[in-house]
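Undergrad: Sequence and predicted structure, then a few things I'm wondering about:
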Amino acid sequence: MKINLRTKFILLSTVLVTVIMASVTYFFTIREIESRRAAAASQIHRIARNIATMQLLDRQDWNTYQDYISQLMAFNKDIVYIAIFDDRGTLRAHTLNSDLIEYDRPLLTRRMQADIVRRLDNGAVAEESKADLQTERVNIQVGDRVLGSVHVGFSVIAINRELNRGILLNIGLGLFFILLASLVSVMISRRLTRPLERLNRAMKAVNEGNLEQKVRPQTHDEIAQLGHSFNTMIEGLRERQFIESLGYELSATFQFDRLAPLVRERLKSAIGAGSTRLYIRRRNSHGAFHEITVSEEKKNLYPPLELNGQVEKFLLKRKDGFMVHSAPPDIMEALHHTPEDEAGLLMPMPVKDELFGLLFFALPPDKESFSPKERHFAAMLAGQAALALENSLLYEELREQERLKRELEIARDMQRRLLPANMPVVDGFRFDGICQSAYEVGGDYFDFFRLDETHLGVVIADVSGKGTSASFYMAELKGMMVQLTSVYRSPRQLLGELNRKLFGNIDRQSFITMIYGVLEIPAHRFVFSRAGHNSLLKIGTNGEHQFLTPAGIGLGLDPGDVFERSLEEAALELKPFETLVLYTDGLIEARNARQLEFGEEGLLRSCLAAGQRNIPQMREAILESLHGFMEGVQPHDDITMVMVQRQGEG
């Protein structure tokens with residue numbers, strides 16, 4: 001059986017009043033009546049003792065007793081009878097109060113009275129009247145000799161009646177007070193338990209998942225404190241639920257353009273702001289914080305915030321934010337805020353001890369300020385939102401990097417296709433070429449052009465700069481070379497025309513160095529021009545070597561006159577097993593950890609150490625020597641090398 005608190009309180013109050021009334025009845029009625037009974041018995045005992053002490057020595061004058069007790073009876077209306085017995089138990093004197101005796105005969109003889117006295121003294125009384133008669137007995141004695149005894153029976157009817165009336169009165173009063181206490185306890189219990197019942201209903205609703213509960217305490221006692229504690233607990237649960245819900249929503253998307261408005265609106269509703277502005281510093285914004293959630297036509301209303309290090313330090317120290325009108329004047333000026341502007345809470349959004357963004361919560365019309373608890377909650381949400389927005393930006397950057405990486409992979413594949421897939425096959429000669437980009441794509445270029453059955457064009461070039469811009473010029477250069485090699489046989493003339501075409505298309509900050517030569521196969525002769533490129537290395541059979549550096553400036557530096565006047569054309573004859581090595585500056589300018597360059601000396605040593613090997617082995621020996629020299633340092637420029645070797649007769 002389930003008993004609620006109100007019933008328990010009523011039962012307890014009823015029991016308490018019952019105990020109190022029982023105690024009152026005992027102490028002020030029963031105990032008082034018992035005291036009166038004892039007093040009456042004591043008085044009768046004194047009367048009996050006075051009668052017993054009338055005996056003078058050994059003289060037994062029973063008539064004296066008779067006269068005395070008859071007089072006593074007249075003055076003591078509560079005495080029912082007095083009987084005096086001798087030492088043999090014989091009734092010697094007696095008196096009877098006939099007013100207290102109910103008898104069939106109206107007149108009683110002396111003998112009848114004596115009989116009644118004996119019967120009363122022996123307890124021959126109706127059962128319902130036994131409580132109304134009490135007897136006191138005192139011996140009559142002289143010294144140690146007992147001469148008889150005095151028996152006095154007295155009535156306690158009046159006392160018993162008063163006792164009964166008192167008990168009935170107390171019972172009535174008890175019932176009245178019990179009823180009154182029950183009514184009062186019902187009223188008090190309702191007043192006491194009503195807040196507890198509301199609290200119980202609210203807790204049941206919370207248990208069912210409804211957190212929109214609030215108890216309004218109407219007193220200032222412990223129950224009110226319990227209500228305040230419940231409200232605090234519910235606010236904490238709502239905050240936790242909101243944080244979990246916000247975390248779920250923030251994790252549902254990585255699109256920054258969707259995430260930023262979501263953060264603004266959710267945080268606005270969380271703390272009950274009138275409006276919210278969100279400022280974020282993106283990596284490409286040169287340190288300025290931009291309001292990123294307003295439309296383009298309203299952006300001029302919220303100009304970017306240029307915050308110096310001192311202002312950022314001030315903001316980072318206010319982890320729970322601050323009311324913007326309480327900030328120092330220089331801070332308000334940096335935030336483009338004036339005292340006439342709307343009041344609100346400015347909340348910094350730190351990420352890894354750096355200021356990532358700012359949130360401004362405008363005060364609603366019905367509030368004068370945000371409480372410390374609201375500010376702390378807003379700070380928690382701002383920190384959570386800052387991490388989500390930062391991750392979103394990182395995700396976008398990663399996607400952009402992945403996109404660029406894929407595009408660069410495509411560009412690298414395309415650039416690889418611009419280079420010769422196979423070395424040309426020419427009787428009496430061997431060819432080899434390699435191009436290793438320092439980045440995904442590069443600006444180095446080499447190629448072979450079969451001009452006719454007896455002539456082969458050989459080119460190596462280096463576009464200034466690195467990366468994608470250089471690769472674009474390299475692709476453009478490839479197309480021009482394909483076109484011009486079919487028109488011009490002379491290397492000098494081809495480079496002159498190529499320079500005129502490039503000068504109108506290349507950026508003024510860029511240029512191209514190149515060696516272009518034509519191998520005259522039957523004559524074993526190589527005719528070439530150098531447009532600002534590295535020297536051509538010729539390796540003989542007995543360690544003989546020569547760095548050939550005809551005059552010439554880079555392509556794209558001059559419209560034509562200076563370029564053509566400075567450009568020379570040289571020719572050399574290749575003997576059996578002599579090798580030509582064409583290379584870019586990425587090979588000879590490669591550095592090791594001690595910042596030493598591989599240099600032309602390193603290239604020459606590698607070539608001489610390779611000896612009379614075939615040119616693929618010679619190329620691997622050069623690269624092995626280069627990598628050993630660099631000691632694991634990554635190259636900072638593209639490495640390209642072309643080798644032409646005349647084979648022996650027959």
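TA: Received it, and whenever you're ready, just let me know what you need.
Undergrad: how about the strands of the stretch 251-400 of the chain, start to end?
TA: 275-280, 290-291, 322-323, 344-351, 354-362 (DSSP state E, counting those that start in this stretch).
Undergrad: max-length helix in the chain?
TA: helix 157-207 (DSSP state H).
Undergrad: How about Leu335: what's its closest non-neighbour residue?
TA: Leu305 (6.3 Å; C-beta to C-beta, 6 or more residues apart in numbering). (Each C-beta comes from the backbone N, C-alpha and C, glycine too.)
Undergrad: Look up which residues are beta-bridged to that neighbour.
TA: Leu305 forms beta bridges with Phe289, as assigned by DSSP bridges.
Undergrad: Please look at it and Ile331 and confirm they touch.
TA: No: Leu305 lies out of contact with Ile331 (C-beta atoms under 8 Å); the separation is 11.0 Å.
Undergrad: elements contacting the longest helix of the chain?
TA: helix 5-25, helix 31-52, helix 222-251 (3 or more C-beta pairs under 8 Å, 6 or more residues apart in numbering; DSSP states H and E).
Undergrad: make it 6 Å
TA: With contacts taken as 3 or more C-beta pairs under 6 Å, 6 or more residues apart in numbering; DSSP states H and E, helix 157-207 sits against helix 5-25, helix 31-52.
Undergrad: and it, average pLDDT?
TA: Across helix 157-207, pLDDT averages out at 75.
Undergrad: That helix relative to helix 31-52, how many degrees between them?
TA: 160 degrees (axes from the mean of the first three to the mean of the last three C-alpha atoms, to 10 degrees).
Undergrad: Taking their axis directions, helix 157-207 and helix 5-25 sit at what angle?
TA: Helix 157-207 and helix 5-25 are oriented at 160 degrees to each other (the same axes, to 10 degrees).
Undergrad: which residues sit in contact with Ile69?
TA: 82, 95 (C-beta atoms under 6 Å, 6 or more residues apart in numbering).
Undergrad: Show the subsequent helix or strand relative to the strand or helix carrying it.
TA: Here Ile69 sits within helix 62-75, counting by DSSP states H and E. Using DSSP H and E, the helix or strand that follows helix 62-75 towards the C-terminus is strand 79-86.
Undergrad: Tell me, how many residues neighbour Val17?
TA: 21 (other C-beta atoms under 10 Å).
Undergrad: Could you pull up the contacting residues of it?
TA: Contacts of Val17 by C-beta under 6 Å, 6+ apart are 177-178, 181.
Undergrad: Highest neighbour count among the residues you listed?
TA: Going by other C-beta under 10 Å, Ala181 tops those with 20 neighbours.
Undergrad: So for that one, what's the nearest residue that isn't a sequence neighbour?
TA: In space, Ala181 is closest to Val17, 4.1 Å off (C-beta to C-beta, 6+ apart).
Undergrad: same check, this time on Asp447
TA: Val459 (5.2 Å).
Undergrad: Each with direction, which strands does the helix or strand containing that neighbour pair with?
TA: Per DSSP H and E: Val459 is located in strand 455-463. Strand 455-463 sits in its sheet next to strand 444-452 (antiparallel), strand 512-520 (antiparallel), going by DSSP bridges.
Undergrad: on that earlier part again, on the pLDDT front, check the residue nearest to Asp447 for me.
TA: Confidence score, pLDDT, at Val459: 96.
Undergrad: can you check Leu477 too?
TA: According to the prediction, Leu477 has pLDDT 87.
Undergrad: and if you look at the one 3 residues further on?
TA: The score at Met480 is 91. That number is its pLDDT.
Undergrad: Three-state assignment for it, please.
TA: helix (DSSP: H, G, I helix; E, B strand; the rest coil).
Undergrad: give the contact list for it.
TA: 498, 501.
Undergrad: Between the two ends of stretch 501-517, how far is it?
TA: 19 Å (C-alpha to C-alpha, to the nearest Å).
Undergrad: ditto for stretch 526-545
TA: First-to-last residue span, stretch 526-545, C-alpha to C-alpha: 16 Å.
Undergrad: buried sites along it?
TA: Judged by neighbour count using 16 or more other C-beta atoms under 10 Å, the buried positions of stretch 526-545 are 526-539, 545.
Undergrad: What lies in contact with it?
TA: 491-492, 495, 513-515, 517-519, 546-550, 552-555, 567, 569, 571-572, 577-583, 585, 604, 607-608.
Undergrad: can you check stretch 607-623 too?
TA: Taking C-beta under 6 Å, 6+ apart as the rule, stretch 607-623 contacts 430, 432, 539, 543, 606, 643, 645.
Undergrad: how does it look with 7 Å?
TA: 430, 432, 434, 539, 541, 543, 577, 579, 581, 603, 606, 641, 643, 645 (C-beta atoms under 7 Å, 6 or more residues apart in numbering).
Undergrad: any chance of those residues in a markdown table, plus secondary structure?
TA: Converted to a markdown table, these look like this (three-state DSSP):
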| residue | secondary structure |
| --- | --- |
| Arg430 | strand |
| Asp432 | strand |
| Ile434 | strand |
| Ile539 | strand |
| Thr541 | coil |
| Gly543 | coil |
| Phe577 | coil |
| Thr579 | strand |
| Val581 | strand |
| Leu603 | helix |
| Ser606 | helix |
| Met641 | strand |
| Met643 | strand |
| Gln645 | strand |
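Undergrad: Narrow the residues you listed to those that are buried.
TA: 430, 432, 434, 539, 577, 579, 581, 603, 606, 641, 643, 645.
Undergrad: Which pair of those spans the longest distance?
TA: The span of the buried ones among the contacts of stretch 607-623, defined through C-beta to C-beta, is set by Ile434 and Phe577 at 20.7 Å.
Undergrad: and the closest residue to Met514 other than its chain neighbours, how many neighbours?
TA: Leaving aside its chain neighbours, Met514 sits nearest to Ala461 (4.0 Å; criterion: C-beta to C-beta, 6+ apart). The local packing of Ala461 (other C-beta under 10 Å) involves 27 other residues.
Undergrad: same deal with the one 4 residues further on?
TA: Neighbours of Gly465 under the rule other C-beta under 10 Å: 16.
Undergrad: that older thread, correct me if wrong: the residue nearest to Asp447 contacts Met514.
TA: Yes: Val459 is within contact range of Met514, at 6.4 Å (criterion: C-beta atoms under 7 Å).
Undergrad: quick one, what contacts Ala385?
TA: Contacts of Ala385 (C-beta under 7 Å, 6+ apart): 250, 263, 267, 349.
Undergrad: rerun at 10 Å
TA: 246-247, 250, 259-260, 262-264, 266-267, 278, 347, 349, 356-357, 359 (C-beta atoms under 10 Å, 6 or more residues apart in numbering).
Undergrad: Which pLDDT value belongs to it?
TA: 83.
Undergrad: returning to that earlier point: which member of the contacts of stretch 607-623 is positioned nearest Leu173?
TA: Ile434 (120.9 Å).
Undergrad: For that closest one, list each beta-bridge partner.
TA: With DSSP bridges as the rule, Ile434 is bridged to Met641.
Undergrad: returning to what we had before: got the strands paired with strand 455-463 as TSV, with mean neighbour count columns?
TA: Listed next are those as TSV, based on neighbours: other C-beta atoms under 10 Å:
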stretch	mean neighbour count
strand 444-452	19
strand 512-520	25
